[in-house]
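Asks: kindly generate the corresponding structure for this input.
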Amino acid sequence: MRRRVIFPNKVLPYVLLAPQLAVTLVFFFWPAAQALYQSVLIQDPFGLRTQFVWFENFQAILTDPLYLGSARVTLLFSGAVTLLAMSLGLLFAAMADAGIRHTRLYRTLLMWPYAVAPAVAASLWLFVFHPSIGVLGRRLNALGIPWDYKLNGAQALLLVILASAWKQVSYNFLFFLAGLQAVPRAIVEAASIDAGPARRFWSIVFPLLSPTTFFLLVVNLVYAFFETFGVIHALTGGGPVKATETLIYKVYSDGVINLDLGSSSAQSVVLMAIVIGLTAVQFRFVERKVHY
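Replies: As a prediction, the model looks like this:
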């Protein structure tokens, strides 16, 4: 039997939805509409003159080697952050669910990084890996290992990947742990008769986590595309030589620093289309392997 919620007042449901609808309209649809409008315009840096140019901004960015380089960096960065953050989150959740000693303290410590703001998290990693003032950065150089992420693009990209993944591990840990605790113990105990711990986990437990894994895959990709701006801005500023300039950081660089509003708006529209396309592909093909 289906249960339906009946409100005594027909206006009450709309009143309850109004705050969320207002937030969505003000902070999503209105900025998206503004970006679409400005993406077909060329404006001077002071906004005094505007010229309608149709799709010239899109043509310019899609043929710009710097923009294509930022796209390649974004693909590598987002894939590495998603894979690393989800793998570590699943590993830590499995360890916590196994009932190790001091489990409550272990869970609390793993949740803390998620409460840290991106800029603060980047500052923590800066004090650890800075070549001059960082604890590990100075030690690496003292051991004869050349470490300077301000000059080495590969090292800078590795550092922002590690910092961004570290920030997201706690989020994945919480959801994976909740999913593991929802797995029926009877199924796991029955499987323990014929299979070892590793095979039991990958053959029985992990497939039962497929809804959680699919949800986290979508969330982590969106996080890597949009929410890692603070980490990159505080650690590397997109450098050295644009080695860590992702698409979202290039939108900021061209729009805020260089005041090229038309190009920046076109880039934001392309980025939004990429994320929507990736999400649609995941729901179209990846979700087929999800068992609810």
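Asks: what's the span of stretch 194-207 from first residue to last?
Replies: With CA to CA, to the nearest Å as the measure, stretch 194-207 spans 17 Å from end to end.
Asks: in it, what's buried?
Replies: Across stretch 194-207, burial judged by 16 or more other CB atoms under 10 Å covers 200-201, 204-206. For the C-beta atoms, the positions are set from N, CA and C on the backbone; glycine is no exception.
Asks: do the same with stretch 217-231
Replies: 217-221, 223-225, 227-231.
Asks: now swap in stretch 255-272 and tell me
Replies: Those would be 255, 260-271, for stretch 255-272 by 16+ other CB under 10 Å.
Asks: quick one: which of those sit in strands?
Replies: Using DSSP state E, no member of these sits in strands.
Asks: nearest to I248, of those residues?
Replies: L271 (6.5 Å; CB to CB).
Asks: re the thing from before, which two from the buried residues of stretch 217-231 end up farthest apart in space?
Replies: Pairwise over the buried residues of stretch 217-231, using CB to CB, the maximum falls at L217 and G230, 22.2 Å.
Asks: show me what contacts F92?
Replies: Each residue near F92 by CB atoms under 8 Å, 6 or more residues apart in numbering is listed here: 110, 169, 173, 176.
Asks: could you report the neighbour count for the second one?
Replies: To tie it back to what came earlier, the one meant is V169. For V169, the neighbour count with other CB atoms under 10 Å is 22.
Asks: next one: it, what pLDDT does it get?
Replies: We have a pLDDT of 91 for V169.
Asks: tell me which other helices or strands the host helix or strand of it touches.
Replies: Following DSSP states H and E, one finds V169 within helix 153-181. Applying 3 or more CB pairs under 8 Å, 6 or more residues apart in numbering; DSSP states H and E, we find helix 153-181 packed against helix 65-97, helix 103-111, helix 118-129, helix 210-222, helix 229-235.
Asks: what angle do helix 210-222 and it make with each other?
Replies: With axes from the mean of the first three to the mean of the last three CA atoms, to 10 degrees defining the directions, helix 153-181 sits at 150 degrees from helix 210-222.
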